[in-house]
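>>> Provided below are the primary sequence and the corresponding predicted coordinates.
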Amino acid sequence: KHKRECFPEWSPDGSRLSLNSDGTVRIVAIDDGNVILLEDNPLGIAKLVWSPDSSQLATIEWTHMIRIWDAGSGKQLREFNAHGRVPDLRAVWTDQGLRWMTQDEERTVRVWEEGHDEPRFTLRPDYCLSSVWLSPSGKYLASSGLDNKQVQLGNIEDGRLVQTLNVPVMEI
């Protein structure tokens, strides 16, 4: 038997907390303790991402599915395929909509946006990636190699490399 992680996420307005544990997603209202269960829970572990106005909740699922839920009722509004494996189930909700990353076997990273069938940004590094991060605004992608000596920043909007930062490595 293995232990499931719980992925709690605060709504941006601070009025609710979403919890994913024991295969059930719960939305808890802080002021009165009211609990809303999602109508049809996602399969297994899912990352929870709130919309900026706290009205919707996205589940980024290990099954490569993304589902959007009404946070007030727990009803599913829509679902779509994530276009591949979403590493660490990472996504952000931007002014443009929900954005998420996928990564394939060749370690190519793609940034997708809801409503688009083509990636908004593709990173084919000439080095082996150890970490990739999508900025909270969804506008930038940061990546570092296994040696952790550099971090590259890419602009998702126009596809250009913004800068490469040299990172001092601390020896222990």
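Perfect, thanks for sending it. Residues are numbered from 1 along each chain as shown.
>>> For this protein, name the helix or strand with the lowest mean pLDDT.
Counting by mean pLDDT, DSSP states H and E, the chain has its least confident helix or strand at strand 129-134, which shows a mean of 77.
>>> Can you tell me the strand partners of it and which way each runs?
Take DSSP bridges as the rule and strand 129-134 pairs in its sheet with strand 140-145 (antiparallel).
>>> what's the spacing between the partner strand and its chain's center?
Relative to the chain's own centre, strand 140-145 is displaced by 15 Å; criterion: CA atoms, centre = their mean, to the nearest Å.
>>> Provide the contact partners of it at residue level.
Here strand 140-145 makes contact (CB atoms under 8 Å, 6 or more residues apart in numbering) with 101, 109, 111, 121, 123, 125, 127-135, 150-156, 162, 167. For every residue, glycine as well, the C-beta is placed using N, CA and C.
>>> Pull out the buried members of those.
Buried by 16 or more other CB atoms under 10 Å: 101, 109, 111, 121, 123, 129, 132-134, 151-154, 156, out of these.
>>> I'd like those residues as CSV, with distance to residue 69 and secondary structure appended.
Output for these, formatted as CSV (distance: CB to CB, whole Å; DSSP: H, G, I helix; E, B strand; the rest coil):
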residue, distance to residue 69, secondary structure
101, 21, strand
109, 27, strand
111, 23, strand
121, 26, strand
123, 30, strand
129, 31, strand
132, 26, strand
133, 25, strand
134, 21, strand
151, 34, strand
152, 34, strand
153, 32, strand
154, 30, strand
156, 25, coil
